[in-house]
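Q: generate a structure from the sequence data that follows.
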Amino acid sequence: MNLSDYQSGRYEAQYEYQSFLPSLINHPWVIADPALLQLLSQADRALGELNAFAQLVPDVDFFIQMYVAKEATYSSRIEGTQTNVEDAFKNADDVAPEKRDDWAEVQNYIQALNHAVARLETLPLSNRLLREAHAILLQGVRGEAKQPGEFRTSQNWIGVSLKNAVFVPPHHERVGELMSDLEKFLHDDTHYVSPLIKIAIAHYQFETIHPFLDGNGRLGRLLIPLFLASEHILAKPALYLSDYFERNKTAYVDHLMAVRWGNHLREWLLFFLHGVAETTQSSIAVFKSILALKERIEREILPRFSVRRQDNAQQLMRHLYRKPVVDVKTVTDILGITPNTAGSLVEDMVSYGVLAEITGQRRNRLFVFREYLALFAR
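A: Alright, predicted model coming up:
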């Protein structure tokens, strides 16, 4: 199918309402639009640069968890949560009571993403894997009673009520067929479609099917890095688009709706590819800043510690690159040292400007690697 001939679907009459039945997507796609192809080329080149860069960064896995936390935070923020990246690294008791529900949703997203990426080693990207991730996403949080891990068996909608919905996804009896078509499309290699075009179409289709009663937005965005990882486009999962979608939330929602209402798939693809190119360049810049910060700390800060304390200082820094919020008890546990020794180490890190205390309390104090965390809040 030529992109210009695309028809998004049709409405089906249900009892007292109409649901939208999207067209199937597992078929040949002909992309001949010059502007789209040019942007696709730019996005592909940027991804290749990021992939090469990520493989050259020493201990890159330490930093990947920061990207995961940022993705979880911003993807959840699109759904209305009020937490931030710093909160994502706190324990539940350290989070303000009014933020704990939001915090729990972010923690579930982190667990779901890490679980799904690990599962890709033994299980292909599939409806089964998506259902597993969905079950983790909704475990013990708002939505836990809405069939976690199962495709919906009733009608859902976007809006205040079914009667006054902004959008009514396909009837639940259509979900199985549509999700089977989506799964086949992701794996089809008989009709060549650029991977970035494929995942852009797949993300739109997933959000339009809305196969679960809750959590569709977050899981649909999680599908993007999972696909890139499953196709080995990125050796390390270092590209996440939720920051771009959150900063352009109105345009993001409008583009998805414009495909459904007016067949404007080309405009959605342009928006998506622009996000890939922009986010990729941002990720590369962050990696470069991380390396510069790491080099400066190793050159200016770590030599200040005596030979006897070098190992502890270096181990603490490695931990901070993975989890930049700590307390003295955590340092005690991860280094296997006494609380007094851990407290002294933390205080030295504060005096050297690596850590900053964020509670203002005398007890149960928390310390943050603020300069590092700030790199991911740009």
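
Q: only C-alpha atoms for contact and neighbour calcs from this point on.
A: Fine.

Q: buried stuff in stretch 13-21?
A: For stretch 13-21, the buried set under the neighbour-count rule, 16 or more other C-alpha atoms under 10 Å, comprises Gln18, Ser19, Phe20, Leu21.

Q: so the second one, which of the three states?
A: Which is Ser19. strand (DSSP: H, G, I helix; E, B strand; the rest coil).

Q: mind listing what it touches?
A: When contacts are counted by C-alpha atoms under 8 Å, 6 or more residues apart in numbering, Ser19 is found next to Tyr11, Glu12, Ala13, Val168, Pro169, Pro170, His171.

Q: give me the phi and psi for the third one.
A: For Ala13, the backbone dihedrals (degrees, to the nearest 10) come out as phi -80, psi 130.

Q: ok, it to Glu121 distance?
A: The gap separating Ala13 from Glu121 is 43 Å, by C-alpha to C-alpha, to the nearest Å.

Q: cool, and the fourth one?
A: Distance check for Val168 against Glu121: by C-alpha to C-alpha, it reads 36 Å.

Q: quick one, which of the two is more surrounded?
A: Val168 (24 against 10; other C-alpha atoms under 10 Å).

Q: that one against Ile158, yeah?
A: Yes. If you go by C-alpha atoms under 8 Å, Val168 and Ile158 touch, sitting 6.3 Å apart.

Q: centroid residue for this protein?
A: With distances taken as C-alpha atoms, centre = their mean, Glu71 lies nearest the centre of the chain, 3.4 Å away.

Q: give me the domain ranges for this protein.
A: What automatic domain parsing lists as the domains of the chain is 3-282, 305-374.

Q: could you tell me the end-to-end distance of the last one?
A: Distances were taken as C-alpha to C-alpha; on that basis the terminal residues of domain 305-374 are 25 Å apart.

Q: quick one: average pLDDT of that domain?
A: In this model, domain 305-374 has a mean pLDDT of 95.

Q: ditto for stretch 216-226
A: Here the average pLDDT along stretch 216-226 is 95.

Q: what's in contact with it?
A: With C-alpha under 8 Å, 6+ apart as the test, stretch 216-226 has contacts from 75-76, 79, 109, 113, 116-117, 125, 130, 133-134, 199, 203, 206-207, 210, 237, 239-242.

Q: could you rerun that using 6 Å?
A: Ser75, His203, His210 (C-alpha atoms under 6 Å, 6 or more residues apart in numbering).

Q: of those, buried ones?
A: Buried members of these, scored by 16+ other C-alpha under 10 Å, are Ser75, His203, His210.

Q: for stretch 193-202, buried residues please.
A: Val193, Leu196, Ile197, Lys198, Ile199, Ala200, Ile201, Ala202.

Q: can you redo the contacts of Ser19 as a markdown table with pLDDT, distance to Gly343 and secondary structure?
A: Compiled in a markdown table, the contacts of Ser19 are given as follows (pLDDT from 0 to 100; distance: C-alpha to C-alpha, whole Å; DSSP: H, G, I helix; E, B strand; the rest coil):
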| residue | pLDDT | distance to Gly343 | secondary structure |
| --- | --- | --- | --- |
| Tyr11 | 96 | 64 | strand |
| Glu12 | 97 | 65 | strand |
| Ala13 | 95 | 67 | strand |
| Val168 | 98 | 56 | coil |
| Pro169 | 98 | 55 | coil |
| Pro170 | 98 | 57 | coil |
| His171 | 98 | 59 | coil |
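
Q: measure the residue nearest to Lys236 when sequence neighbours are not counted to Gly336 for me?
A: Counting by C-alpha to C-alpha, 6 or more residues apart in numbering, the nearest residue to Lys236 once its immediate chain neighbours are dropped is Ala54, at 6.8 Å. With distances taken as C-alpha to C-alpha, Ala54 is found 31 Å from Gly336.

Q: which one of those two is surrounded by more residues?
A: More neighbours surround Ala54 than the other of Ala54 and Gly336, with 23 against 12 (other C-alpha under 10 Å).

Q: now do the SS call for that one.
A: helix.
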